[in-house]
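Peer 1: need a 3D model of the following:
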Amino acid sequence: MIINIHGRTIEIHDNKKYAFPNDITAKYFKGFMLVISPSTGKWIVLNSQIQIDILKSLINGASVREVIDKFENINEIRNVLTQLEGKLFTEKISTEEWSFALRIYLTNNCNLRCRHCFMYASTAMDNELSKAEITDLITNCKSYGCSKVIFTGGEVLIREDFEEIVKFSALSGLYVQVLTNGTLWNEENIARIAPYIDEIQISIDGFNQETNSAIRGENTFEKSLRTLELFTEHENVLTSIVMTPTYELLEKFKAQYTEFAQNLVNKYQGKNFLVVLQKELIDGRELKSNESKNRIMEQTVASIYEKIYENSELTTFILNHKNGIIYKNCGYGNLTVNSIGDIFFCGRVHDVKKYANLRTTDFSEIMRLRKFVRERSFVDYLQPCCECELRYICGGGCRIKNFPEIVNSPLENLTNTFSRKIDCSEHDKENFYRLMIESNNFLME
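Peer 2: This next block holds a predicted model:
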């Protein structure tokens, strides 16, 4: 039988039989049957009884020829086979993680005092890492499989050696991402450094000078917008505006935030540009998080995204699950180093345990700890997530929010199985089922 997957022709031999995963489960949702392999994070979608019967025959060991002779409906057979081949449903997957990201807080020094800053950035800490220590860290991380480095602060541009550090990272072959408030840049330093940056995130939290000043202080709005303008001229740099409004501002001015974001999207259409809205607040300098308000904030931001980026939720889901990507964790277990060399395994350093220091711990031991901590926080060790058919599709969500015991446990306790603090709802699972169905045809290999 000949099938076509996104313009690619595949011939399936009549004598082919499929060896299916032994944990297949079925979920019925809104007239569809989702056939899921929990152990591989793969799924196919069936929409008729004959498709279900065809799959059952294949699972029971029938060859392609035997299925054709039995059912005769070539279109329905082709639909099932196209999904099995296009989703590589019966193929084994490798769950080995070869790469990780490095986040470096270059300095605690900052020219702003943002109300929601979770780093409480102000003045430089005593004895911050030298350029040599940072470049040695980058070299060592690269040798252990690091593929990306994220520079943040404080404000990164305050460091006089920032450009040299960025250039060194780029020439080492790493993807370089920079987080900045955008107020200290100019045409000259952007021209020098942009060729060595892959991605820059510029923080603007209001839709005008007044609302931005309420969070970030006076005289920042226009400066940050100017930096955005200059970076969008460099096509090699993915330039993002990252907005983190307060609960009150977003609730009161949702329409204005939507209009501001839409105007930016329209203005920079065709450029390498994104608007990013944070979906929740975490504890910061003056502002404290609120669980119920965060849920409302998440819904509000989702509705803004749908207006400025059509089908944004579905598009994001497709991008996150292309090429058979599975999720055994959130970002927990990547490497974070603060400005004095303390080692953490999440960027939210005030919410997680410190495990070592760069200056006093052998780097091979740091890498062993990172790998151990990441693997022990895999969804496989989390209750009840480890028993859920969506475990490798969802990944269990944020470890700080859902499994706070993990991120603050001493090493000896990480051999435990941890229980979820906040249960996911049936609505959460149904939303995944919906996205799995809607994305199915887009995720063919």
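
Peer 1: what helix or strand is residue 17 located in?
Peer 2: Per DSSP states H and E: residue 17 is located in neither a helix nor a strand.

Peer 1: next: the one 4 residues further on.
Peer 2: With elements delineated by DSSP H and E, residue 21 resides in a region that no helix or strand encompasses.

Peer 1: dump the residue contacts of the closest residue to it other than its chain neighbours.
Peer 2: Closest residue to residue 21 apart from its sequence neighbours, by CB to CB, 6 or more residues apart in numbering: residue 37 at 4.1 Å. Every residue, glycine included, has its C-beta placed from N, CA and C. Contacts for residue 37 were tallied using CB atoms under 8 Å, 6 or more residues apart in numbering; they are 20-21, 23-25, 43, 89.

Peer 1: kindly report the same for residue 301.
Peer 2: 250, 277-279.

Peer 1: filter the residues you listed to the buried ones?
Peer 2: 250, 277-278 (16 or more other CB atoms under 10 Å).

Peer 1: show me the shaky parts of the stretch 201-350 of the chain.
Peer 2: Scanning the stretch 201-350 of the chain for pLDDT under 70 picks out nothing.

Peer 1: circling back: which ones among the contacts of residue 301 lie within helices?
Peer 2: residue 250 (DSSP state H).

Peer 1: of the contacts of residue 301, closest to residue 210?
Peer 2: residue 250 (14.9 Å; CB to CB).

Peer 1: which residues does that closest one contact?
Peer 2: 257, 297, 300-301.

Peer 1: next one: residue 224
Peer 2: 181-183, 202-204, 212.

Peer 1: ditto for residue 81
Peer 2: 1, 3, 12, 64.

Peer 1: thinking again about what came up before, what is the most widely separated pair among the contacts of residue 250?
Peer 2: 257 and 297 (11.4 Å).

Peer 1: quick one: what helix or strand has residue 80 in it?
Peer 2: Judged by DSSP H and E, residue 80 forms part of helix 74-86.

Peer 1: residue 304 against residue 276, yeah?
Peer 2: No. Shown here, residue 304 and residue 276 do not form a contact pair, counting by CB atoms under 8 Å, at 11.1 Å.

Peer 1: looking at those two, which is more packed in?
Peer 2: residue 304 (22 against 15; other CB atoms under 10 Å).

Peer 1: tell me the contacts of the more buried one?
Peer 2: Counting by CB under 8 Å, 6+ apart, residue 304 has contacts 254, 257-258, 261, 277.

Peer 1: circling back to that earlier point, and the helix holding residue 80, average pLDDT?
Peer 2: Across helix 74-86, the average pLDDT comes to 95.

Peer 1: that older thread, among the contacts of residue 224, name the buried ones.
Peer 2: Buried among those by 16+ other CB under 10 Å: 181-183, 202-204, 212.

Peer 1: which of these fall in strands?
Peer 2: Judged by DSSP state E, the subset of these located in strands is 202-203.

Peer 1: ok, so of the buried ones among the contacts of residue 224, who is nearest residue 381?
Peer 2: Nearest member of those to residue 381, counting by CB to CB, is residue 203, at 34.9 Å.

Peer 1: isn't that closest one up against residue 156?
Peer 2: No. Assessed by CB under 8 Å, residue 203 is found out of contact with residue 156, at 11.8 Å.

Peer 1: shared neighbours, those two?
Peer 2: 179-180.

Peer 1: check which helices and strands the host helix or strand of residue 313 sits against.
Peer 2: In this assignment (DSSP H and E), residue 313 forms part of helix 312-321. Judged by 3 or more CB pairs under 8 Å, 6 or more residues apart in numbering; DSSP states H and E, helix 312-321 is in contact with helix 291-308, helix 426-439.
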